[in-house]
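S.K.: I'll drop the sequence and a predicted model, then ask my questions.
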Amino acid sequence: MISKTTNKLSGVNILITGGSGFIGSHLARRLVNEKANVSLLIRENTDLKNIQDIKSKVNLVKGDLTDYLELVKIVKEVNPQKIFHLAAYINRSRSLEQMEDCMKVNFFGMINFIRALENVNYDCFINTGTCEEYGNIIAPFKEDQLVDPVSPYSLSKSASILFCDMYHKNTGRPIISIRPFTTYGPVQHSRMLISQAILSAIKKEDFKMSLGEQYREFNYVSDIVDGFIKASLCKEAIGEIINLGTGVEYTVAEVAKKIVSLMGNPIKIHFGAIPYRENEIWHLYCDNTKARRILKWKPCVSLEDGLKQTIKWTLENYKDFYK
């Protein structure tokens with residue numbers, strides 16, 4: 001079940017970065033359905049397969065977060081009332097070779113974007129962090145805990161949230177930082193666990209993975225999108241960092257087994273065929289008290305229902321979507 005915000009977003013100018021990505025494309029589709037005026041900031045040669053069905057209903061604006069002057073022109077043209085910043089350089093490798101690219105896009109690119117908006121009278125800028133910022137501190141994670149990034153990617157996201165907090169305090173600008181926890185659903189990239197397992201079962205290819213002893217929470221994408229939208233309409237959220245997640249953890253092995261079971265057990269899972277990542281996070285789930293209290297948000301889609309919906313969509317679309 002998805003809560004409706006009819007009339008609250010109708011006709012509102014909205015700018016989304018990362019709108020052709022996984023969560024961003026679902027957010028864009030929801031906002032189109034809400035009759036908002038949606039613009040998507042995309043890079044040259046961006047793959048638009050996630051938004052094929054709404055491509056004609058949104059304003060596609062080409063630009064790059066690393067080009068400040070270009071961003072100034074774009075935001076002046078779009079004149080957004082609400083901004084959802086989801087674009088990122090995503091690489092969860094622990095290698096320091098990723099540091100420069102992560103910081104260039106996720107930190108300095110975000111600063112370029114906020115600076116470009118200085119003369120825009122927006123009422124909400126939502127910055128997107130990551131649950132991986134918390135690293136291996138004691139779960140469930142609370143927003144006021146000291147973070148422990150485990151990769152250049154999660155470090156760059158923590159830096160961006162620190163900047164947003166400082167900028168809000170210094171200027172009073174309406175900025176909110178959201179940390180979404182592990183999310184899944186239709187159109188997710190095939191390299192992610194749930195998509196990988198479903199595709200392996202469809203192709204009847206045995207699935208190789210780690211021992212799967214690490215714990216994660218799993219959020220259906222419509223719930224996460226609902227949280228982003230509720231945050232954009234909530235004045236009490238301004239200046240806050242807010243976790244979005246179920247707060248319920250499962251082992252990765254449990255989820256892989258559940259997927260294969262829901263699909264009729266067509267394959268075997270080879271646990272331990274792939275090693276754990278260096279500096280693996282063992283418990284990754286949140287305390288969502290703040291989201292429930294401030295946003296009046298709660299997850300509505302159970303893991304089983306979400307997996308069934310994802311499996312159904314993948315069965316219907318995998319030949320065209322996962323080429």
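M.R.: Received, thanks.

S.K.: switch to C-alpha atoms for all contacts and neighbour counts from now on
M.R.: Noted.

S.K.: For stretch 73-83, buried residues please.
M.R.: Using 16 or more other C-alpha atoms under 10 Å as the test for burial, stretch 73-83 gives 74-75, 78-80, 82-83.

S.K.: Same question for stretch 253-263.
M.R.: Judged by neighbour count using 16+ other C-alpha under 10 Å, the buried positions of stretch 253-263 are 253, 255-256, 258-260, 263.

S.K.: Likewise for stretch 53-70?
M.R.: Using 16+ other C-alpha under 10 Å as the test for burial, stretch 53-70 gives 55, 57-58, 60-61, 63-66, 68, 70.

S.K.: residues in contact with it?
M.R.: Residues from elsewhere that reach stretch 53-70 (C-alpha atoms under 8 Å, 6 or more residues apart in numbering): 29, 32, 37-44, 48, 71, 74, 104-105, 108-110, 112-113, 115-116.

S.K.: quick one, helices of this protein?
M.R.: For the chain, applying DSSP state H gives helices covering 22-33, 68-78, 99-102, 110-116, 152-171, 193-203, 221-232, 252-262, 289-290, 303-321.

S.K.: now for the longest one, which elements pack on it?
M.R.: Counting contacts by 3 or more C-alpha pairs under 8 Å, 6 or more residues apart in numbering; DSSP states H and E, helix 152-171 packs against helix 99-102, helix 110-116, strand 124-128, strand 175-180.

S.K.: same deal with the third one?
M.R.: In terms of contacts (3+ C-alpha pairs under 8 Å, 6+ apart), helix 99-102 is packed against helix 152-171.

S.K.: List the buried residues for the helix it packs on?
M.R.: If you call a residue buried by 16+ other C-alpha under 10 Å, then helix 152-171 has these buried ones: 152-161, 164-165, 167-168.

S.K.: And those, which two are furthest apart?
M.R.: Using C-alpha to C-alpha, the two most remote members of those are P152 and H168, lying 24.3 Å apart.

S.K.: Now for L211: which residues touch it?
M.R.: 253, 271-276.

S.K.: now, which of those residues lie within strands?
M.R.: Here DSSP state E is the test, and the contacts of L211 give F271 as lying in strands.

S.K.: just the buried members of the contacts of L211?
M.R.: Buried, going by 16+ other C-alpha under 10 Å: 253, 271, out of those.

S.K.: Could you export the helices and strands packed on helix 152-171 as TSV, including distance to K290 and mean pLDDT?
M.R.: TSV is the format used below for these (distance: least, C-alpha to C-alpha, whole Å; pLDDT from 0 to 100):
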stretch	distance to K290	mean pLDDT
helix 99-102	28	94
helix 110-116	25	98
strand 124-128	16	98
strand 175-180	11	98
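
S.K.: do you know how far E254 is from E217?
M.R.: Using C-alpha to C-alpha, to the nearest Å, we find E254 at a distance of 11 Å from E217.

S.K.: just W313 next, same as before
M.R.: W313 sits 21 Å away from E217, going by C-alpha to C-alpha.
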